[in-house]
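K.L.:
Let's see this in three dimensions:
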Amino acid sequence: MLCLGAFFGVAPLHAQTVDPKLEESVSWYTGTAGRIDNTLAKELLLEAAEDGDPISRMWIARVYSRGRMNFERDEAQARMIARDVIDRIESLADEGVAEAVFLMGTAYDEGLGKTADIATAVQWYRRAANLGHGLARHNLGNVYFEGRGVAQNDSLAVHWWTMAAEGGDAIPQLRLGTMYEEGRGVARNLTEARRWYGLAAARGNADASAALERLGR
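P.N.:
You can find the predicted model right below:
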């Protein structure tokens, strides 16, 4: 197994911006590029992290943590990488770098360089969401739907998922289809359900395609 925590160097903290390859990677991962392509997303993420970029390295911790983006799940590897970069991520978050703010949410949500604390994770996600970060909005929808760190609230789940889905994220699009189909947090509306399922299916989400078939398109 490739030991990413060992071979990446350390990039300077000053003048930190989000690597364009990382931004592109995330766009293929979420589907905001127009379709989901985890193979390309993984390739671009590895390239972004080659020079020791701390934000890209923290993203690698994130994908190892849950087995995202065609990475095999390896929580030990994820924690090792996160420990090495978390101080730099926190400094960047304090400077207002939205991607770092979002990753601080991940750190507390998944115990990556920080002790897991979902209430603190929600605070970071909310801060990133208010900076316009799409995945933070996605994750706020998740925590309201699940009632993790906040009171369960379908209406707020729909609110945050809608903001993420309008940016092209396929998973919130799928989830909005379900919410409209079932009338959770919104009035039941099969036309809207089909619309959101269709947007997610067009990005390659198989569950959304199956939902459309079930509803007879």
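K.L.:
can we go C-alpha only for contacts and neighbour counts from here?
P.N.:
OK.
K.L.:
for stretch 131-148, what is the average pLDDT?
P.N.:
Here stretch 131-148 scores 98 as its mean pLDDT.
K.L.:
Also stretch 80-87?
P.N.:
Average pLDDT, stretch 80-87: 98.
K.L.:
That one: how far from the chain's middle?
P.N.:
Remark: stretch 80-87 is offset 18 Å from the chain centroid, using C-alpha atoms, centre = their mean, to the nearest Å.
K.L.:
Would you mind listing the buried residues in the longest helix along the chain?
P.N.:
Taking DSSP state H as the criterion, the chain has its longest helix at helix 75-94. Under the neighbour-count criterion of 16 or more other C-alpha atoms under 10 Å, helix 75-94 has 75, 77-86, 88-90, 92-93 buried.
K.L.:
got it, and stretch 184-192?
P.N.:
By neighbour count on 16+ other C-alpha under 10 Å, the buried set for stretch 184-192 is 184, 185, 190, 192.
K.L.:
Can you name the residues that contact the third one?
P.N.:
By C-alpha atoms under 8 Å, 6 or more residues apart in numbering, the contact set of residue 190 is 180, 181.
K.L.:
other SSEs contacting the helix or strand following the longest helix of the chain?
P.N.:
Per DSSP states H and E, the first helix or strand lying C-terminal to helix 75-94 is helix 98-110. Helices and strands touching helix 98-110, as assessed by 3 or more C-alpha pairs under 8 Å, 6 or more residues apart in numbering; DSSP states H and E, comprise helix 54-66, helix 75-94, helix 118-130.
K.L.:
Out of these, flag the one nearest residue 41.
P.N.:
Across the helices and strands packed on helix 98-110, residue 41 has its closest neighbour in helix 54-66 (11.0 Å, C-alpha to C-alpha).
K.L.:
Packing partners of the closest one?
P.N.:
helix 38-49, helix 75-94, helix 98-110.
K.L.:
Tell me which of the ones you listed lies nearest to residue 211.
P.N.:
helix 38-49 (21.8 Å).
K.L.:
could you check the angle helix 54-66 makes with the longest helix of the chain?
P.N.:
Angle of helix 75-94 versus helix 54-66, following axes from the mean of the first three to the mean of the last three C-alpha atoms, to 10 degrees, is 140 degrees.
K.L.:
list the contacts for the residue most central in space within the chain?
P.N.:
For the chain, residue 135 is the residue whose C-alpha lies nearest the centre (C-alpha atoms, centre = their mean; 4.1 Å). Applying C-alpha under 8 Å, 6+ apart, one finds that residue 135 lies in contact with 102, 129, 164.
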